[in-house]
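**Q** Predicted coordinates and the sequence they were generated for:
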Amino acid sequence: DAGVIQSPRHEVTEMGQEVTLRCKPISGHNSLFWYRQTMMRGLELLIYFNNNVPIDDSGMPEDRFSAKMPNASFSTLKIQPSEPRDSAVYFCASSATSGGVTGELFFGEGSRLTVL
Amino acid sequence: AQKVTQAQTEISVVEKEDVTLDCVYETRDTTYYLFWYKQPPSGELVFLIRRNSFDEQNEISGRYSWNFQKSTSSFNFTITASQVVDSAVYFCALSDGRGGADGLTFGKGTHLIIQP
């Protein structure tokens, strides 16, 4: 079975450019999460969706960040304009909810973003 | 607020030694879930275990074992007879009673180095 698929795996861009990261969750999973990993702050939850609806975006750093989930099989995380401090590895994860209890999170391989 | 503390930033042992990774958590929830994830050098996050707050039984899976003690709010992870392939960053994580519906709160991770 295919796991969580993220693209691109690596992205190098210049400050001020728009960056779009993509995620395809595991088929049948109804919760999707975006995390950011940096040396300084570790793993931080940015936003999560349940049944394609954003539930909590309190972790999104600022208005330059936006995330969408137009359907159950696709999500994007956009940064516009990008800044060097956005350099990090961005992980997408999905999970299934059964009986009101969510299972473990399955993570993609991450998108490593470098903003020059 | 939830918090996970992994006090050991880095541990280095020689192959075949036993090693314990510490995890201490804080939560006001009476129902919660604890997780361990492994992040090998390749970067992906691999699920190892999920334990709910009502199940204090220790668990063993091959060379891996977990010791959950609510009295000390700890969920420690032991690798017996360590191997070089165990070298990775290990994260302890905590979620609320919905088992991850709100995403996970991660510790900063422990970098485990197994020397041949």
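**A** Now that the structure is in, tell me what you want to look at. Numbers count the residues shown, from 1 in each chain, chains lettered A, B, ... in the order given.
**Q** Which helix or strand contains the residue positioned nearest the centre of chain A?
**A** With distances taken as C-alpha atoms, centre = their mean, A:W34 lies nearest the centre of chain A, 2.9 Å away. Following DSSP states H and E, one finds A:W34 within strand A:31-38.
**Q** which secondary element of chain B has the worst mean pLDDT?
**A** Least confident helix or strand, chain B: strand B:59-61 with a mean of 87, by mean pLDDT, DSSP states H and E.
**Q** Tell me which strands that one pairs with, and in which orientation.
**A** strand B:64-69 (antiparallel) (DSSP bridges).
**Q** related to what we said a few turns ago, which outside residues touch the least confident helix or strand of chain B?
**A** Applying C-beta atoms under 8 Å, 6 or more residues apart in numbering or on different chains, the contact partners of strand B:59-61 are B:I49, B:R51, B:S65, B:W66. (Glycine included, C-beta is placed from N, CA and C.)
**Q** repeat for stretch A:64-83
**A** Stretch A:64-83 has contacts (C-beta under 8 Å, 6+ apart) with A:13, A:15-25, A:27, A:30, A:32, A:34, A:46-47, A:49, A:51-54, A:57, A:60, A:86, A:90, A:92, A:113, A:115.
**Q** Those in strands, which ones?
**A** Secondary structure from DSSP state E places A:13, A:19-24, A:32, A:34, A:46-47, A:49, A:53-54, A:90, A:92, A:113, A:115 of the contacts of stretch A:64-83 in strands.
**Q** For the buried ones among these, write the corresponding ChimeraX selection.
**A** Of the ones in strands among the contacts of stretch A:64-83, the buried ones go into a single ChimeraX selection, burial set by 16 or more other C-beta atoms under 10 Å in any protein chain shown:
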select /A:13,19,21,22,23,24,32,34,46,47,49,54,90,92,113,115
